[in-house]
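1. Okay, sequence plus prediction incoming.
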Amino acid sequence: MSIRRWLATAGAVALASAGAFAAYRHQDRWVPHLFPGTSAPGDAVPEPDGHDHGGADRVKLSPQAQKNLGLLVDTIEPREYWRTIAIPGSVVDRPGESDRSVPSRVAGIVAEILAKPGDTVKAGDALFVLHLASEYLQGTQTDLVKSARELEIATARRDRVAEAVKKGTQSGTALIDEESQVKRFTTQVQAYRRQLALFGFTAEQVDRAEKGEIVTQVTVSAPGSPGQVFEVQDLKASLGESVPAGQSLSTLANHQKLYVEGRAFKTEAEALARAIRDRLPIRAEFADETPGAWKPQEPLAIRHLSNQVDPVTRTFAFYLPLENEPKMIERDGARHFLWRYRPGQRVRLRVPVEKLSTPSQDGATAILPFVLPADGVVREGAETYVFVQSGDIFLRKPVHVLHEERDEVVVANDGSVSEADFVVLNRAAALNRALKASAAEGGGHGHDHGHEH
């Protein structure tokens, strides 16, 4: 081989080697154009310089950046989820249970008011003192005294006759007559005592009246069973006012048991009827509640539907029993209740209408979805993404959204994410911005070396 020919061959080999090196060195620029949809080899492999050469759907964050974002990362589990409709409502008193009127049993004048609005009282506690203004009660007390005296006389006479009968000086017929008189006066005394008790006299006052001490005032006490607690809601009588028998003096409230009253349209009646029939739990969202101040409210159940439609709003009512929760406040020796729920408080009711799931490959079973916080999902055009953590790398994965609420998103369990993934549950939008910023800083390469090329 001549020297000239050998030099030409060597030069061609050198040029080919240089071209191959240059093509390899800049493959990330020409491979995507020559083979669309194919990533350049080694894109996801960190180089020895310690920098991440990830693709467009991954971003590397330092531990400090992760702390700055306050990321919440955890595994997720599929669970049952119902699509719901929102129906407005409010907290109302439970008729016949929440409020109790305190009437005056006798005609009188209000001498003392012992419990004011806002005070907490128990059944049997004194509420009012009334000066009697009833001639009937005065006459009843007089008749009681008279009958009591006649009973004493009849009892003494019966005892003398019984002694005489025992000695044989008098017949037994006389003793029977005296026994009848004692029974008659005993019945009268008992009847007068019951009348006074019905008008609000205490047992001690009735005893005093029977002994001849005329009672001029009575105490009006809180009704209810022993241990029952009420709050004085309002006063309907003022100090010094003359009140007839039967007039309401005040209203006591016990807000332990309430109702949530929902207002639904006729088109929503079928969903409500199905909720009653299938005993579906209804989630209640109460307005003006401080998060974390109370434990989460358990789901409610519908008690009954109203059969009347409001002619103005064209809605009908339905009712859900609600157990209230109090906090006790003590001040100056008095106790006050701070109730969690109050009549008039607005409520949003979530009524289940459809159970969400995805069919399995064979179509025989339904696969339960994943439920994520709304802050853990980000939208970009027609796509919806979540982020999965792998060390310092956060991978963006597209998901299929089945349903979306204000505070949660239901994602199909179709393999996009799994129970083994560590899913970011918040700040998805911030992670998406960080991913875009990282791609832009890489000059279109999708990575950043941090040093000059």
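-> In hand now; what should we look at?

2. Check which helices and strands the longest strand seen in the chain sits against.
-> With secondary structure taken from DSSP state E, the chain has its longest strand at strand 81-93. Packing partners of strand 81-93 (3 or more C-beta pairs under 8 Å, 6 or more residues apart in numbering; DSSP states H and E): strand 257-264, strand 283-286, strand 346-356. For the C-beta atoms, the positions are set from N, CA and C on the backbone; glycine is no exception.

3. what distance separates the last one from the middle of the whole chain?
-> When C-alpha coordinates are averaged (C-alpha atoms, centre = their mean, to the nearest Å), strand 346-356 and its chain have centres 14 Å apart.

4. Now do the contacts for residue 99.
-> Residues near residue 99 by C-beta atoms under 8 Å, 6 or more residues apart in numbering: 93, 233, 251-254.

5. State the pair within these that is farthest apart.
-> Pairwise distances across these peak at 12.0 Å for 93 and 252 (criterion: C-beta to C-beta).

6. re earlier: out of the helices and strands packed on strand 81-93, which one sits most buried?
-> Compared across those, strand 257-264 shows the largest average neighbour count, a mean of 21 (mean count of other C-beta atoms under 10 Å).

7. the inter-axis angle of that strand versus strand 81-93?
-> If you take axes from the mean of the first three to the mean of the last three C-alpha atoms, to 10 degrees, strand 257-264 sits at 120 degrees to strand 81-93.

8. Direction included, what does strand 257-264 pair up with?
-> Strand 257-264 pairs in its sheet with strand 81-93 (antiparallel), strand 316-323 (antiparallel), by DSSP bridges.

9. Tell me which of those sits most buried.
-> Highest mean neighbour count among the strands paired with strand 257-264 (mean count of other C-beta under 10 Å): strand 316-323, with a mean of 19.

10. Okay, angle between that one and strand 346-356 too, please.
-> With the same axes, to 10 degrees defining the directions, strand 316-323 sits at 100 degrees from strand 346-356.

11. For strand 316-323, give the mean pLDDT please.
-> Across strand 316-323, the average pLDDT comes to 95.

12. Quick one: distance of it to the chain centre.
-> 13 Å.

13. Show the subsequent helix or strand relative to it.
-> Sequence-wise, the next helix or strand downstream of strand 316-323 (DSSP states H and E) is strand 326-331.

14. so what does the next helix or strand after that following strand touch, helix or strand wise?
-> Next along the chain after strand 326-331, taking DSSP H and E as the criterion, comes strand 334-339. Here strand 334-339 touches strand 120-122, strand 229-235, strand 326-331, going by 3+ C-beta pairs under 8 Å, 6+ apart.

15. Tell me which strands strand 334-339 pairs with, and in which orientation.
-> With DSSP bridges as the test, strand 334-339 is paired with strand 326-331 (antiparallel).

16. Can I get the partner strand in PDB, CA atoms only?
-> What follows is strand 326-331, C-alpha atoms only, in PDB (Å, rounded to 0.1, in the frame of the first residue of the first chain):
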ATOM      1  CA  PRO A 326     -71.400  21.300  75.100                       C
ATOM      2  CA  LYS A 327     -68.400  22.900  76.800                       C
ATOM      3  CA  MET A 328     -68.800  23.900  80.400                       C
ATOM      4  CA  ILE A 329     -67.800  27.400  81.500                       C
ATOM      5  CA  GLU A 330     -67.800  28.300  85.200                       C
ATOM      6  CA  ARG A 331     -67.800  31.900  86.400                       C
END
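
17. residues making contact with it?
-> For strand 326-331, contacts defined as C-beta under 8 Å, 6+ apart pick out 255-256, 335-340.

18. hmm, 10 Å instead?
-> 120, 229, 231, 255-256, 293-294, 335-341 (C-beta atoms under 10 Å, 6 or more residues apart in numbering).

19. cool, and stretch 273-288?
-> Residues outside stretch 273-288 that contact it (C-beta under 10 Å, 6+ apart) are 82, 84, 86-87, 89-91, 260, 262, 271-272, 294, 296-305, 318, 320, 322, 340-342, 345-353, 355, 406-407.

20. quick one, helices of the stretch 301-450 of the chain?
-> 428-441 (DSSP state H, counting those that start in this stretch).

21. what stretches of it score poorly on pLDDT?
-> 333-334, 361-364, 442-450 (pLDDT under 70).

22. how does it look with 80?
-> Flagging of the stretch 301-450 of the chain using pLDDT under 80 yields the residue ranges 328-337, 358-365, 441-450.

23. how long is stretch 158-176 from one end to the other?
-> 9 Å (C-alpha to C-alpha, to the nearest Å).

24. distance between that stretch and the chain's centre?
-> Computed by C-alpha atoms, centre = their mean, the chain-centroid distance of stretch 158-176 equals 76 Å.

25. what residues does it touch?
-> Contact partners of stretch 158-176, identified using C-beta under 10 Å, 6+ apart, comprise 157, 177-183.

26. Which ones among those residues lie within strands?
-> Counting by DSSP E, none of the members of the contacts of stretch 158-176 fall within strands.

27. List buried residues within those residues.
-> Buried by 16 or more other C-beta atoms under 10 Å: 178, 181-182, out of the contacts of stretch 158-176.

28. Longest helix in the chain, please.
-> In the chain, with assignment by DSSP state H, the single longest helix is helix 135-167.

29. Residue 60 touches residue 439, doesn't it?
-> No: under the criterion of C-beta atoms under 10 Å, residue 60 is not in contact with residue 439, lying 11.8 Å apart.

30. can you pull the contacts of the residue positioned nearest the centre of the chain?
-> Among the residues of the chain, the one closest to the centroid is residue 297, at 3.1 Å (C-alpha atoms, centre = their mean). The contact partners of residue 297, taken as C-beta under 10 Å, 6+ apart, are 283-286, 289, 322-323, 325, 340-341, 347.

31. quick check: mean pLDDT across the longest strand of the chain?
-> Averaged across strand 81-93, pLDDT comes to 93.

32. got it, and stretch 101-112?
-> Average pLDDT, stretch 101-112: 90.

33. now the end-to-end length of that stretch.
-> Stretch 101-112: ends 18 Å apart by C-alpha to C-alpha.

34. quick one: buried residues of that stretch?
-> So, applying 16+ other C-beta under 10 Å, buried residues of stretch 101-112: 102, 104-111.

35. and which of these is nearest residue 414?
-> Looking across the buried residues of stretch 101-112 and measuring by C-beta to C-beta, the closest to residue 414 is residue 102, at 64.0 Å.
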